[in-house]
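*Asks:* got a structure for you, letters missing:
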């Protein structure tokens, strides 16, 4: 009988597209989040705001321009580095903090880079990468959420540009943003044909009101009123009348980032719960089985998300896979955070512990970036139904 030692088990690591370089970067970001963000999360949540200095701190670390060219101050590390950052931000202890950072890096500056002119890159992207200028994306309106074709904010032609009138709501970074990439209607054509994107600077006629919410307390989610706001001609982003296609292109990355953030938050919540159970002397069979089910939720969500990310980064049309990942992970995150809250009993409801906050924050997932109903509708259509 052979006495040779059995082969060492294969390392347990995320499936490609993440490689050793990405995993080294993950360790770096995790340390940053642990040292620079998480210790302040409870205070910033209680204050209902996190300081603008967070953006400059992240810029100093090189995290605001991970996938952008070095000539603009970026790192040229590609979208997968951005994906790692978003997943690790799920460990910061505040959904509002992660959302504020993510709105800047993941949904507001990408259209400027992808569709902007060199002049727009110089005026908006470079200061955003430096953390000197904070960005927001303005699509949702009081009567137009997931149905972006129903946008009513008007942009009327005037000498040298447009006059914009309307309102946006649930805008992350809306109160603090120096500029807002804004969906507007530039002609009377119904539906999506009349939509364009304008970069609207904070200034005369722009008034923001911070909204109170169930969760995301540290995020300055705002309603933004636009009254006779002049926007110069050079602030048209992309082609006039093509705004709908810019929105759709941006949605896939936004939904992927939401799925990645949910995976990160689930892993962190699960790990904290496991540690507390072990510190308390272990757990009974029922709790052990509950934790086993939560582990399955996490790994299923991660597998779907990484698969969608792999396809998206390969340039494949991954609408179906991205939609599946977004739908699955947002519901799973809420179930997991709510279950962890219950497992800890009355002590978890103390705000300082963070479990109640995590459950509240997770409730936004099935709404933001396209509701569960919209996700099901998209999936149904991809199935030919």
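*Replies:* Sure thing, it's come through. Owing to the predicted nature of the structure, the values given are computational and were not obtained by experimental measurement. Residues are numbered from 1 along each chain as shown.

*Asks:* what about the residue nearest to residue 191 when sequence neighbours are not counted, how many residues nearby?
*Replies:* Distance criterion C-beta to C-beta, 6 or more residues apart in numbering; nearest residue to residue 191, sequence neighbours excluded, is residue 149 at 4.8 Å. Bear in mind the C-beta positions are built from the backbone N, C-alpha and C, glycine included. Taking other C-beta atoms under 10 Å as the criterion, the count of residues near residue 149 is 14.

*Asks:* residue 256 now?
*Replies:* Summarising burial for residue 256: neighbours were counted as other C-beta under 10 Å, giving 26.

*Asks:* how close does it sit to residue 136?
*Replies:* Between residue 256 and residue 136 the distance is 19 Å, computed by C-beta to C-beta, to the nearest Å.

*Asks:* next: residue 313.
*Replies:* Computed as C-beta to C-beta, the residue 313 to residue 136 distance reads 26 Å.

*Asks:* higher neighbour count, these two?
*Replies:* Ranked by neighbour count (other C-beta under 10 Å), residue 313 and residue 136 place residue 136 first, with 29 against 15.

*Asks:* OK, contacts around the more buried one?
*Replies:* In this structure, residue 136 makes contact with 103, 104, 108, 171, 172, 173, 174, 177, 179, 180, 181, judged by C-beta atoms under 8 Å, 6 or more residues apart in numbering.

*Asks:* at 7 Å instead, please
*Replies:* Contacts here follow C-beta atoms under 7 Å, 6 or more residues apart in numbering; on that basis residue 136 touches 103, 108, 171, 172, 173, 174, 177, 180.

*Asks:* before we move on, what SS does the fifth one have?
*Replies:* Which is residue 173. Following DSSP: H, G, I helix; E, B strand; the rest coil, residue 173 is assigned to coil.

*Asks:* wait, it sits on residue 103?
*Replies:* Yes. When contacts are counted by C-beta atoms under 7 Å, residue 173 is listed as touching residue 103 (5.1 Å).

*Asks:* tell me which of the two has more neighbours.
*Replies:* Regarding residue 173 and residue 103, a neighbour count based on other C-beta under 10 Å identifies residue 173 as having more, with 27 against 24.

*Asks:* which residues in the stretch 51-200 of the chain form helices?
*Replies:* Secondary structure of the stretch 51-200 of the chain (DSSP state H, counting those that start in this stretch): helices at 53-60, 79-89, 95-102, 109-115, 118-120, 126-129.

*Asks:* just name the most buried of the ones you listed.
*Replies:* When you average the neighbours per residue for each of these (mean count of other C-beta atoms under 10 Å), helix 95-102 leads with a mean of 27.

*Asks:* report the longest helix in the protein, please.
*Replies:* The helix spanning the most residues in the chain, taking DSSP state H as the definition, is helix 243-279.

*Asks:* distance between the helix or strand just after that one and the chain's centre?
*Replies:* Following the chain from helix 243-279 toward its C-terminal end, the next helix or strand by DSSP states H and E is helix 285-313. Per C-alpha atoms, centre = their mean, to the nearest Å, the displacement of helix 285-313 from the mean C-alpha position of its chain is 19 Å.

*Asks:* let me see the mean pLDDT of helix 285-313.
*Replies:* Taken as a whole, helix 285-313 has an average pLDDT of 95.

*Asks:* quick one: contacts of the helix or strand following that helix?
*Replies:* Scanning forward in sequence from helix 285-313, with DSSP H and E defining helices and strands, the next element found is helix 319-343. Contacts made with helix 319-343 from outside it, assessed by C-beta under 7 Å, 6+ apart, are listed as 252, 255-256, 258-259, 262-263, 265-266, 269-270, 273, 287, 290, 294, 297, 300-301, 304-305, 307-308, 311-312, 348, 355-356, 358-359, 362-363, 365-366, 369-370, 372, 375, 378-379, 382.

*Asks:* same check, this time on stretch 161-176
*Replies:* Among residues not part of stretch 161-176, those counted as contacts by C-beta under 7 Å, 6+ apart are 52, 99-100, 103-104, 134-136, 138, 140-142, 152-156, 184, 198, 200, 208, 210, 219-233.

*Asks:* return the residues in contact with residue 235.
*Replies:* Taking C-beta under 7 Å, 6+ apart as the contact definition, residue 235 lies against 198, 199.

*Asks:* before we move on, what about residue 256?
*Replies:* Contacts for residue 256 were tallied using C-beta under 7 Å, 6+ apart; they are 308, 309, 312, 322, 325.

*Asks:* ok, so of those residues, who is nearest residue 30?
*Replies:* residue 309 (18.4 Å; C-beta to C-beta).

*Asks:* next, the contact list for the closest one, please.
*Replies:* Residue 309 makes contacts with 17, 83, 256, as judged by C-beta under 7 Å, 6+ apart.

*Asks:* three-state assignment of the first one?
*Replies:* For residue 17, the secondary-structure state derived from three-state DSSP is coil.

*Asks:* you'd agree it is up against residue 313?
*Replies:* Yes. In this structure, residue 17 sits in contact with residue 313. The criterion is C-beta under 7 Å, and the distance is 5.9 Å.

*Asks:* what touches both of those two?
*Replies:* Counting by C-beta under 7 Å, 6+ apart, the contacts common to residue 17 and residue 313 are residue 80.

*Asks:* pLDDT wise, what is residue 236 at?
*Replies:* For residue 236, the predicted pLDDT is 97.

*Asks:* ramachandran angles for it?
*Replies:* The main-chain torsion angles of residue 236 are listed as degrees, to the nearest 10 and equal phi -70, psi 130.

*Asks:* again, but for the one 5 residues further on
*Replies:* Residue 241 has phi and psi values of phi 80, psi 0 when expressed as degrees, to the nearest 10.
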